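K.L.:
quick one, what's the 3D model for this:
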Amino acid sequence: MIYETLLAEDFTRLHPKLQERYRLPLGQPFHAQGTMQVIHSGPRLLRPMYKFFTKTDFLFPESGEEIPFTITNTARMNNEKDAEVYWERTFYFPMATRKFNATMTVDLERQIVKDYLGDPSLFYSDLKMDVTKDGSLMIRSAEQRAVFGRKEVGLPKKLTGRVVVTEGYDDVLDVYTIHVSIYNDFIGRMMMYAGQFTPCAQ
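P.N.:
Numbering: from 1, shown residues only. Below you'll find the predicted structure:
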């Protein structure tokens with residue numbers, strides 16, 4: 001829905017399975033389950049902060065391999081009557097269950113996705129979306145802000161996380177693939193995960 005509107009003609013260059021996944025009509029959530037082959041959290045010095053972020057379904061301190069997870073994307077209308085997509089990602093570590101949620105809308109004038117991270121949101125990021133030659137979806141972050149209730153404060157570059165997401169489809173294995181990297185120039189890796197998933201009934 002919002003992604004098809006933003007990408008316009010480029011939407012048709014996505015792999016057919018990604019077109020199916022990202023149309024997201026109102027009232028028809030996309031549910032999937034899969035496995036993250038690897039999840040790397042940030043450096044040890046950030047673990048207290050990440051532990052706090054778990055209270056808002058944002059970043060988390062755990063790392064691991066072969067971690068089961070689920071994802072649900074729901075298109076809905078917000079209080080301003082704009083279409084938005086609510087992302088719910090749940091990771092089932094052996095000793096804890098963690099969530100990484102977000103709410104996205106589209107700014108057609110600026111040609112970006114507006115991404116509010118966490119629930120309630122503590123961070124905001126502009127996202128730019130492109131379609132690769134092989135039909136994958138490439139997402140990159142741009143401007144980022146800290147969110148304090150109704151107030152938002154722009155973050156200097158040294159405090160931002162450079163986000164790169166690649167989502168594709170493996171025709172041989174018949175699965176969606178995902179690779180997410182969040183990197184800060186000063187701290188280094190803040191989060192990385194890579195895995196695969198398939199649609200499922202709720």
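
K.L.:
tell me which element the residue of the chain positioned farthest from its centre falls in.
P.N.:
Distance from the centre of the chain peaks at Val172, with 24.6 Å (Cα atoms, centre = their mean). Taking DSSP states H and E as the definition, one finds Val172 inside no helix or strand.

K.L.:
gap between it and Met138?
P.N.:
21 Å (Cβ to Cβ, to the nearest Å). C-beta: built from backbone N, CA, C; applies to glycine.

K.L.:
thinking again about what came up before, and the pLDDT for the residue farthest from the centre of the chain?
P.N.:
pLDDT, Val172: 98.

K.L.:
show me what Arg98 is bridged to.
P.N.:
Counting by DSSP bridges, Arg98 is bridged to Phe91.

K.L.:
that one and Thr70 touch, don't they?
P.N.:
No: here Arg98 does not reach Thr70: they are 11.8 Å apart, not a contact under Cβ atoms under 8 Å.

K.L.:
need the residues touching each of the two.
P.N.:
Thr90 (Cβ atoms under 8 Å, 6 or more residues apart in numbering).

K.L.:
who has more neighbours, those two?
P.N.:
Using other Cβ atoms under 10 Å as the criterion, Arg98 and Thr70 rank with Arg98 on top: 22 against 17.

K.L.:
in this protein, which spans are strands?
P.N.:
Under the criterion DSSP state E, strands of the chain are mapped to 30-40, 64-77, 83-93, 96-99, 102-107, 112-118, 121-131, 137-148, 151-154, 162-170, 175-184, 188-199.
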